Structures are given as structure tokens and as C-alpha cells.
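Undergrad: task: produce atomic coordinates for the following.
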Amino acid sequence: MLKAADIIAQAEEHVGISDSERPVRANLERLADSINRTGSLSDDGIALTRRHLIHDTVNRLEGLKWVRDYPEIVAETITAPTFLMGLPRSGTTYFQYLFDRDPRFRLIRTWESLTPSPPPGFDLESALKRRSEWADRRRREHPSLEGFEALHLYDEDGSDGVCRQANPYQRRGTRGNDDADQRGYAAASGRGYCEN
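TA: Numbers count the residues shown, from 1 in each chain. Reported below is the predicted structural model:
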């Protein structure tokens, strides 16, 4: 059984700060309750979901810690951000790669979105380690299929599909029970929600 309080406590212990975002805690409680009531997950499914929720909560708390330690970040201005969106198989990954070639843009790399702290420009050694860990994980968890590269562009420093990143149910090959569960996950994890 998933318990929001246990997930947050483990993340707090890992990061070393208390979770100050009470609305996010409430969202995580609703999500855990929904999964427990309607998820029909096996013990392995519950364990996997717990690990992912802890990982996402750790990332959120590390972000809060980063802002606490470097409050000047809050004053940084992001002018006219660009969001790329599209339906599955409509060419959005290719579009992302085209944008990535333009020096005016900086796309978030998959490994950065999975382990965002510290920011890549702050600690090169950490960035290289996290990039390497992502590449190893990808090779382990995503076996190579003949011809896959022809269907989906990929490079070690490229971005992955934004909607896939925002919606972990699709990324991990499982489905949420309904859109409310997926939106709840997005709200609880601090990630955006993308309808496909």
C-alpha cells in the first residue's frame, strides 16, 4: 500500500530538508489513495510506483533546497519560453532536435529532467556522472530493437519526448487508471501533465 507520508519522509531523509509545500503533499495523498483504491497493482507494481514517487519527491525537494541555498535563482528571468507539443508519432521529437540546433534555444536533456539538481552548469562532474548513469539505465531498461532508431530519434545528449517525460505511466509501459490519476501524479510530482 502506498502512503504519502512514508514517501515524503523517505525523500526528506534523503535530501535533508523538510517538505514545505503542503499543497503538493495533499496531491500526493490523493494520488496514493486513488492508486490504492483503483490501481489493482501487484506487489512489484506497488514497489515500482513507490520508488518512482520517492525519486520524484527527492527531485522536488532538491529543487527547493537549491532555491533555499541560492535564492538569487528566483530573480532570474525566463523570457518567452517556447513549448513544443504535438500528438504521438507526429514528429515532435524531430522538431525538438531541429530547435536544439538553434543556439537561441536550450532543451532540457532527458537525464537532466530525471535528475535535475545540481544544474549542469554548476557542477560539471555531477552532470557527467548523471548523464552516464542515464545512458547505462537506458541500455538496461530499453533493449535495442532492430529499426527502432528509424522510428524514434535518439542521442545521448538529446531531449526525449516531452509528453513521455511528463507522463510516467506511458514512459514505463503501464497505464494510469484514468486521466485524474495521471493529472494527480503530475501535480504530486511537480511535473506537467500532457494529454495524449
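
Undergrad: buried ones in the helix or strand harbouring residue 30?
TA: In this assignment (DSSP states H and E), residue 30 forms part of helix 22-38. The neighbour-count check on helix 22-38 (16 or more other Cβ atoms under 10 Å) flags 24-25, 27-32, 34-35 as buried. For every residue, glycine as well, the C-beta is placed using N, CA and C.

Undergrad: give me the pLDDT for residue 113.
TA: Confidence at residue 113, expressed as pLDDT, is 82.

Undergrad: quick revisit: now do the helix or strand just after the helix holding residue 30: distance to the chain's middle.
TA: The C-terminal neighbour of helix 22-38 among helices and strands, as given by DSSP H and E, is helix 43-69. Distance of helix 43-69 from the chain centroid (Cα atoms, centre = their mean, to the nearest Å) equals 9 Å.

Undergrad: next, the angle from helix 43-69 to helix 22-38.
TA: For helix 43-69 against helix 22-38, the angle between stretch directions is 180 degrees (axes from the mean of the first three to the mean of the last three Cα atoms, to 10 degrees).

Undergrad: quick check: next helix or strand after helix 43-69?
TA: Taking DSSP H and E, what comes next after helix 43-69 is helix 92-100.

Undergrad: report the buried residues of that next one.
TA: 92-93, 96, 100.

Undergrad: quick check: mean pLDDT across it?
TA: Here the average pLDDT along helix 92-100 is 80.

Undergrad: coming back round to it: make TSV from the buried residues of helix 92-100 and add distance to residue 40 to it.
TA: Below are the buried residues of helix 92-100 laid out as TSV (distance: Cβ to Cβ, whole Å):
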residue	distance to residue 40
92	31
93	32
96	35
100	40
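
Undergrad: any idea which of those residues is closest to residue 82?
TA: Set against residue 82, the nearest of the buried residues of helix 92-100 by Cβ to Cβ is residue 96 (10.5 Å).

Undergrad: my read: that closest one touches residue 84, true?
TA: Yes: using Cβ atoms under 8 Å, residue 96 is in contact with residue 84, at 5.6 Å.

Undergrad: quick one: the helix or strand hosting residue 5 to chain centroid distance?
TA: Per DSSP H and E: residue 5 is located in helix 4-15. Distance of helix 4-15 from its chain centroid, counting by Cα atoms, centre = their mean, is 17 Å.

Undergrad: numbering from 46 from now on, please.
TA: All right, first residue 46 from here; so that's helix 49-60.

Undergrad: what angle do helix 67-83 and it make with each other?
TA: Going by the same axes, to 10 degrees, helix 49-60 makes 130 degrees with helix 67-83.

Undergrad: just give me the neighbour total for residue 105.
TA: 23 (other Cβ atoms under 10 Å).
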